[in-house]
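>>> Need a 3D model of the sequence below.
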Amino acid sequence: MQEQTYDTNLEATIISSIIFNPALLSKYTNKIKKELFFLPLHKDTLEVILNLHNADKAVDEEIIRNKLGKEFENDLIYILTKNPLNKLDDYLEILQDYSIKREMQALAFDITKSLQSNISGLELQAKVSNKSQEITSSNKLDIFEINNIQNIEDKEVEFICKAWLPFPVRTVSLVTAPGGTGKSWFVMQLAIKAIEEGKIKKAFLWLSEDPKEISKNRFNKVFDKVLKLEDDSIKSKIDISDSPTIQFLYDDQRKVEVSPLLPQFKAKLQEYDLIVLDPLIAFYGTDENNNSSARRFMQLFTDWANKENKTIIFIHHSTKNTTQSRGASAFVDAVRTVYELDKIRDKDGKEKDTNKRLVKLTKDNYGISNILDSFCVQRELFPLMIKEEVTIFKNTSFQFGMPNDF
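Predicted coordinates for the structure are as follows:
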């Protein structure tokens, strides 16, 4: 199968974003280059935009249309139909990768052509070496950021839900629990409290294990019967999804690949400050016990949270008969905070306080235990009088009960 070396839709999206928001040119001044684009029209359009910008003139679509010529009017209209973005990092990285592949393809073709001539082996080697250096020089990768310590703003760690269960912002946290413990009820209360305190403007919950109607039912019970709230404006700031999940890291012919849908996913959730993904394993499509893959997966979200000021929380299944995180240890290693949920039991192991859960703080890099004054607290998750409903199925030979549990 031929390797993809360009994406004209992606190119058009970047140009559309620049036209609608010319300030992006200053933000990405060292990254937006003509060489990244494949389509000649896109190269020409970007050149017009850069010339206007460098001349300190308005980047106006009418001026661009006149510069390109009337024969390209429909092409420009197509570009402008693309939804503009405020963050271009991921898209520019993809274009740079495609650009390098195109240059390497051209080099491979040149080598093949040279082999058919009378060029000597040493000359060919020198030619390849020079071209490789040229490609490397023109595609310097911004692999990490360097800042002088004096120029960095000093900030304390910020938290959401500080009065309930603190979660650090701009990073990824993990909540683990056995099945039937009430993870989705926990998530509902977390989102409501985060919006109620005002630090989070909008929350998104991808609750893939339950139909949205069931999630709505639980949300209403938490809102009305557990928290006893009346401010319906909170509800307008919480969105959910029960759509099939996207595996952002997956196996592809013995290689582990990052999904090309990740940039689109980030763009779609641009307006949300709090993002809850349940369960983690539904978004992870490779060996659950592979630390290298788990670390790579978590880094995708850690980088996103830090760069775009997101608070991301993964809900994760625990290992059998425990509350500890399942799979690779790198899932836990990569986050700053881990909470474990468990049922409250008496000395004989019988569940008590069925409307509450034990919440254990098992990883604490930001001093949350000092806020809670404990590593283990109890929190009410369910309405006090909630009862397990049992549906009885009968026929002539057997009957059994099916609980509608949490």
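>>> switch to C-alpha atoms for all contacts and neighbour counts from now on
OK.
>>> so where's the stretch 101-250 of the chain uncertain?
135-144 (pLDDT under 70).
>>> just the helices in it please.
121-138, 183-197, 212-221 (DSSP state H, counting those that start in this stretch).
>>> Out of those, which is closest to residue 31?
Nearest to residue 31 among the helices of the stretch 101-250 of the chain is helix 121-138; the distance by C-alpha to C-alpha comes to 11.2 Å.
>>> Tell me which other helices or strands that closest one touches.
helix 89-115 (3 or more C-alpha pairs under 8 Å, 6 or more residues apart in numbering; DSSP states H and E).
>>> Could you report the distance from residue 380 to residue 189?
Between residue 380 and residue 189 the distance is 10 Å, computed by C-alpha to C-alpha, to the nearest Å.
>>> Which of those two has more residues huddled nearby?
residue 189 (22 against 18; other C-alpha atoms under 10 Å).
>>> what sits against that one?
219, 222, 223, 381 (C-alpha atoms under 8 Å, 6 or more residues apart in numbering).
>>> Might one say that the last one is in contact with residue 227?
Read that as residue 381. No: between residue 381 and residue 227 there is no contact under C-alpha atoms under 8 Å: 9.2 Å.
>>> Kindly confirm my reading that residue 65 forms part of a helix.
Yes: per DSSP: H, G, I helix; E, B strand; the rest coil, residue 65 lies within a helix segment.
>>> Could you double-check that it sits in contact with residue 74?
No: using C-alpha under 8 Å, residue 65 is not in contact with residue 74; the gap is 9.8 Å.
>>> Pick out whichever of these two has more residues nearby.
Neighbours per residue (other C-alpha under 10 Å) separate residue 65 from residue 74, with residue 65 holding more: 19 against 11.
>>> ok, the more buried one to residue 240 distance?
41 Å.
>>> same deal with residue 179?
Residue 179 is 21 Å from residue 240, by C-alpha to C-alpha.
>>> now residue 102
From residue 102 to residue 240 the distance is 41 Å (C-alpha to C-alpha).
>>> ok, now residue 312?
Taking C-alpha to C-alpha, one finds residue 312 at 14 Å from residue 240.
>>> Between those two, point out the one with more neighbours.
residue 312 (24 against 16).
>>> Indicate each strand paired with the helix or strand that contains the more buried one and its parallel or antiparallel sense.
Per DSSP states H and E, residue 312 falls inside strand 311-317. Strand pairing for strand 311-317, using DSSP bridges, gives strand 172-177 (parallel), strand 274-278 (parallel).
>>> Make CSV out of those strands and add distance to residue 45 and mean neighbour count.
Putting those into CSV (distance: least, C-alpha to C-alpha, whole Å; neighbours: other C-alpha atoms under 10 Å) gives the following:
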stretch, distance to residue 45, mean neighbour count
strand 172-177, 39, 26
strand 274-278, 36, 24
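>>> do you know which of those lies nearest residue 247?
Comparing those by C-alpha to C-alpha, strand 274-278 comes nearest, at 11.8 Å.
>>> My read is that residue 310 contacts residue 276, right?
No: using C-alpha under 8 Å, residue 310 makes no contact with residue 276, being 10.4 Å away.
>>> Now the residue of the chain most remote from its centre. Its backbone dihedrals?
Among the C-alpha atoms of the chain, the one farthest from their average position, using C-alpha atoms, centre = their mean, is that of residue 118, at 53.0 Å. The phi and psi values for residue 118, taken as degrees, to the nearest 10, are phi -90, psi 10.
>>> Output stretch 269-287 as PDB, nothing but the C-alphas.
The C-alpha trace of stretch 269-287 is given here as PDB (Å, rounded to 0.1, in the frame of the first residue of the first chain):
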ATOM      1  CA  LEU A 269     -13.700  19.400  22.200                       C
ATOM      2  CA  GLN A 270     -11.900  22.700  22.000                       C
ATOM      3  CA  GLU A 271     -14.600  24.500  24.100                       C
ATOM      4  CA  TYR A 272     -14.500  22.100  27.000                       C
ATOM      5  CA  ASP A 273     -12.400  22.700  30.100                       C
ATOM      6  CA  LEU A 274     -13.200  19.300  31.800                       C
ATOM      7  CA  ILE A 275     -13.100  16.100  29.800                       C
ATOM      8  CA  VAL A 276     -14.000  12.700  31.300                       C
ATOM      9  CA  LEU A 277     -13.400   9.600  29.300                       C
ATOM     10  CA  ASP A 278     -15.000   6.300  30.600                       C
ATOM     11  CA  PRO A 279     -13.500   3.800  30.400                       C
ATOM     12  CA  LEU A 280      -9.900   4.300  29.600                       C
ATOM     13  CA  ILE A 281      -9.500   0.900  27.900                       C
ATOM     14  CA  ALA A 282     -12.200   1.900  25.300                       C
ATOM     15  CA  PHE A 283      -9.900   4.600  23.900                       C
ATOM     16  CA  TYR A 284      -6.700   2.400  24.000                       C
ATOM     17  CA  GLY A 285      -6.500  -0.200  21.200                       C
ATOM     18  CA  THR A 286      -3.300  -2.100  21.900                       C
ATOM     19  CA  ASP A 287      -1.700  -4.400  24.600                       C
END
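>>> Could you find the closest non-adjacent residue to residue 273?
residue 310 (5.0 Å; C-alpha to C-alpha, 6 or more residues apart in numbering).
>>> before we move on, back to that, nearest to residue 38, of the strands paired with strand 311-317?
So among these, strand 274-278 is nearest, using C-alpha to C-alpha, at 34.7 Å.
>>> related to what we said a few turns ago, out of the helices of the stretch 101-250 of the chain, deepest packed?
helix 183-197 (a mean of 21; mean count of other C-alpha atoms under 10 Å).
>>> Hmm, residue 21 and residue 60 touching each other?
No: counting by C-alpha under 8 Å, residue 60 stays clear of residue 21, with 10.4 Å between them.
>>> can you tell me which residues contact the spatially most central residue of the chain?
Centroid check for the chain by C-alpha atoms, centre = their mean gives residue 301 as the closest residue, at 4.9 Å. Neighbouring residues of residue 301 by C-alpha under 8 Å, 6+ apart: 172, 312.
>>> Now do the same for it: helix, strand or coil?
The assignment at residue 301 comes out as helix when based on three-state DSSP.
>>> likewise residue 347?
coil.
>>> Next, find the distance separating it from residue 177.
From residue 347 to residue 177 the distance is 21 Å (C-alpha to C-alpha).
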